[in-house]
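S.K.: Requesting a structural model of the entry that follows:
(one chain, ligands or ions: 1)
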Amino acid sequence: MNLWDLLLVARRRAPEAPALQLADGSAWSHDALLAAAERRAAALRERGVGAGDRLALWAGNRVETVLAYLAAARLGAVAVPLNLAYRRQELAHVLADAAPRLLLSEREQLPVLEEVGRDALGGVPLVLVEELAAAARETAAPPPPARAAGDDLALLLYTSGTTGRSKGAMLTHNNLLATVTGLLAAWAWEPGDRLLLTLPIFHTHGLVVGLFTALAAGASVRLRRRFEAEAVVAELAAGEATLFFGVPTMYVRLVDLLRRDGGGERLRPVRLFCCGSAPLAPETFAGFRAATGHAILERYGMTETGMLLGNPYAGERLPGTVGTPLPGVSLRIVDRDGRHLPAGAEGELLVRGSNVFAGYWRDTAKTAESFAVDDGGQRWFRTGDLGRLDGASGHVTLLGRGRELILRGGFNVYPREVEEVLEAFPGVREVAVVGRPHAEWGEVPVAFVVAEGALDEAALLAHCAAELARFKLPVAFRYVETLPRNALGKVQKHLLPS
Ligand code: AMP
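M.R.: As a prediction, this is how the structure comes out:
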């Protein structure tokens, strides 16, 4: 079975039900969407795109981008989404590495392309989605015959890469099906659901967790080009959506807005609010609950693995945790030497499941490094994330990326733990704790703080000292206007000043 097959099943259930609704009021049924994707597939085939070929996509949230993904699935081609924020270096790197048959882009990106220089494409032919749509209207070719197998590649997703060059994570159709079907069950998706999606569909969160899962549910997606807090509140308050997926920065803005303007109770009819891609501060969870009555469902996943853990749909959602493994996912927490740790101990998260990717594109060394093999010969993916499992609730608390762990005089300082304490202090809006070299201790924690006005630093330090062991206390507070974040709201710690 492949992704296209899964969408055919959804179409059969309710062909005329809405699948996609755009901001301009236009709507596509499941039937219309898949029929249009067939025509795009035929037009792509005429341009030489076949099974196994990479198809790079550099276009925003719009119907043509959705159709391109579906057409790739139909053809057995491998979609390679490119982040819209990419500039010369990233564009040239990903295109050279993925070697796509062609690059599909849109008019909006042309000025950027002129700015970076077309030579960054390295000779990859450029086709605009507008041109493909026109060609699809004229193409008389029958739908292409190719059919991807479950083990064939569906997506080549370049990691957001906070260090070094981003790597292509190879996701097979089976990987996508595992994540999608796991979520259909875990979050009780129904055909009548409507997902308000403002996350970019060039990333797994918007694309797989949002778009593909909603379409596979026979539900509909209200696709928006970008997140605007006012527009989101208006749409949710008007009862237009049953689900909203966001990243923590979006929820911070929603809480700010609802605190200022009130009216959060109008969001009550929404069935589910989910959050992931970066840590959701317990204060944001509490603020959102106070404003709307909703407990945000925080979950955790990665480009390489799809969705891994989540708070319960039906049970209690615990702030500061990412919940328990989703259906089909196995989890282990290990120490530096790969030894299995008991509940309560801090270590690296290893995962297994049909959702886990096939490896890094053309990088067998990096792939081999990323998996650990246990005594029984089972392969476990090393997430690089640190966490702890609570014995009583079974919930996992994430403590940050392994390489961001701060070693102060031999003691482990988990940035996330310190950040949560700082975030709880009134007037602290956002915070990032990083390690900085220190002559005596090797490394020490430094806190970068976005404050809502002047902070009483002595009181802030006293607050930290009351909550945390001395060795975890930041040695300095540095005040900044904003934290550098990527498109998914993840703090880019390597971009903070040294
Ligand atoms: P990406 O591959 O861009 O989806 O990034 C995956 C990484 O985001 C994970 O390895 C985690 O470090 C981080 N991440 C995802 N979800 C969460 C979450 N709920 N809380 C904290 N970190 C998260």
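
S.K.: Regarding whichever residue of the stretch 101-250 of the chain sits closest to the ligand, what is its secondary structure?
M.R.: The nearest approach of the stretch 101-250 of the chain to the ligand comes at Ser160, 4.3 Å away (Cβ to the nearest ligand atom). In this view, the C-beta of every residue, glycine as well, is placed from N, C-alpha and C. Of the three states, Ser160 takes coil under DSSP: H, G, I helix; E, B strand; the rest coil.

S.K.: okay, now it: neighbour count?
M.R.: Around Ser160 sit 16 other residues, with neighbours defined as other Cβ atoms under 10 Å.

S.K.: Near the ligand, which residues of the stretch 351-498 of the chain? Just list them.
M.R.: Contact residues (Cβ under 6 Å from any ligand atom) of the stretch 351-498 of the chain with the ligand: Thr383, Asp385, Leu398, Arg401, Leu488.

S.K.: let's go with 8 Å and repeat that
M.R.: Residues of the stretch 351-498 of the chain found near the ligand (Cβ under 8 Å from any ligand atom) are Thr383, Gly384, Asp385, Leu398, Gly400, Arg401, Arg416, Asn486, Leu488, Lys490.

S.K.: For burial, what's the neighbour tally of the first one?
M.R.: Under the neighbour criterion other Cβ under 10 Å, Thr383 is assigned a count of 23.

S.K.: quick one: pLDDT of it?
M.R.: pLDDT for Thr383: 97.

S.K.: Give me the nearest residue to it, chain neighbours excluded.
M.R.: Leu349 (4.6 Å; Cβ to Cβ, 6 or more residues apart in numbering).

S.K.: Make sure that neighbour is indeed in a strand.
M.R.: Yes: assessed with three-state DSSP, Leu349 lies in a strand.

S.K.: which SS state does Ala42 fall under?
M.R.: helix.

S.K.: Could you check which residue of the protein lies nearest the ligand?
M.R.: For the chain, Cβ to the nearest ligand atom, closest residue to the ligand: Thr303, 3.3 Å.

S.K.: list the contacts for that residue?
M.R.: Residues near Thr303 by Cβ atoms under 8 Å, 6 or more residues apart in numbering: Leu157, Thr159, Ser160, Ala169, His203, Thr204.

S.K.: next one: Phe425
M.R.: Leu455, Ala459, Leu460, His463.

S.K.: and the closest residue to the first one other than its chain neighbours, what does it touch?
M.R.: The reference is to Leu455. Distances taken as Cβ to Cβ, 6+ apart put Gly427 closest to Leu455, at 5.2 Å, once the chain neighbours are dropped. By Cβ under 8 Å, 6+ apart, Gly427 lies in contact with Ala451, Glu452, Gly453, Leu455.

S.K.: Residues of the stretch 201-350 of the chain that sit close to the ligand?
M.R.: Checking the stretch 201-350 of the chain against the ligand by Cβ under 8 Å from any ligand atom, the hits are 203-205, 275-280, 298-304, 322.

S.K.: In helices, which of these fall?
M.R.: Thr204 (DSSP state H).

S.K.: quick one: pLDDT of the residue nearest to Leu455?
M.R.: Taking Gly427 on its own, its pLDDT is 94.

S.K.: Look up how far Glu304 lies from it.
M.R.: Distance from Gly427 to Glu304, counting by Cβ to Cβ, to the nearest Å: 37 Å.

S.K.: Ok, Ala424 next?
M.R.: 32 Å.

S.K.: Name the residue in the two with the higher neighbour count.
M.R.: Glu304 (26 against 15).

S.K.: next one: phi and psi at the more buried one?
M.R.: When read as degrees, to the nearest 10, the backbone of Glu304 gives phi -70, psi -20.

S.K.: wouldn't it be in contact with Val356 here?
M.R.: Yes: the pair Glu304 / Val356 is scored as a contact, 7.1 Å apart, by Cβ atoms under 8 Å.

S.K.: how about low-confidence regions in the stretch 101-250 of the chain?
M.R.: Across the stretch 101-250 of the chain, the ranges flagged by pLDDT under 70 are 142-145, 161-164.

S.K.: can you give me the helices for it?
M.R.: 110-116, 129-138, 173-186, 204, 213-216, 229-237, 248-261 (DSSP state H, counting those that start in this stretch).

S.K.: Could you pull out the buried residues of the second one?
M.R.: The reference is to helix 129-138. Val129, Glu131, Leu132, Ala133, Ala135, Ala136 (16 or more other Cβ atoms under 10 Å).

S.K.: Can you give the distance of it from its chain's centre?
M.R.: 30 Å (Cα atoms, centre = their mean, to the nearest Å).

S.K.: could you say what helices and strands it packs with?
M.R.: helix 30-46, helix 63-75, strand 102-105 (3 or more Cβ pairs under 8 Å, 6 or more residues apart in numbering; DSSP states H and E).

S.K.: Save the ones you listed as CSV, and put in mean neighbour count too.
M.R.: Below are the helices and strands packed on helix 129-138 laid out as CSV (neighbours: other Cβ atoms under 10 Å):
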stretch, mean neighbour count
helix 30-46, 21
helix 63-75, 25
strand 102-105, 25
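
S.K.: a markdown table please, covering these and showing distance to the ligand.
M.R.: Output for those, formatted as a markdown table (distance: least, Cβ to the nearest ligand atom, whole Å):
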| stretch | distance to the ligand |
| --- | --- |
| helix 30-46 | 25 |
| helix 63-75 | 17 |
| strand 102-105 | 22 |
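
S.K.: of all those, which lies closest to Glu369?
M.R.: Of all the helices and strands packed on helix 129-138, it is helix 63-75 that lies closest to Glu369, at 29.1 Å by Cβ to Cβ.

S.K.: which element follows that closest one toward the C-terminus?
M.R.: strand 78-81 (DSSP states H and E).

S.K.: Touching that next one from outside, list them.
M.R.: With contact meaning Cβ under 8 Å, 6+ apart, strand 78-81 is reached by 52-58, 68-69, 72-73, 94, 98, 100, 153-158, 168, 201-203, 207.

S.K.: all strands for the stretch 201-350 of the chain, in order.
M.R.: 220-223, 243-246, 272-275, 297-302, 306-310, 324-325, 330-334, 346-352 (DSSP state E, counting those that start in this stretch).

S.K.: Mean neighbour count and distance to Ala188 added to the ones you listed, as CSV?
M.R.: What follows is the strands of the stretch 201-350 of the chain, written out as CSV (neighbours: other Cβ atoms under 10 Å; distance: least, Cβ to Cβ, whole Å):
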stretch, mean neighbour count, distance to Ala188
strand 220-223, 25, 16
strand 243-246, 26, 10
strand 272-275, 21, 8
strand 297-302, 24, 11
strand 306-310, 27, 12
strand 324-325, 18, 16
strand 330-334, 18, 22
strand 346-352, 21, 23
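
S.K.: No more questions from me, cheers.
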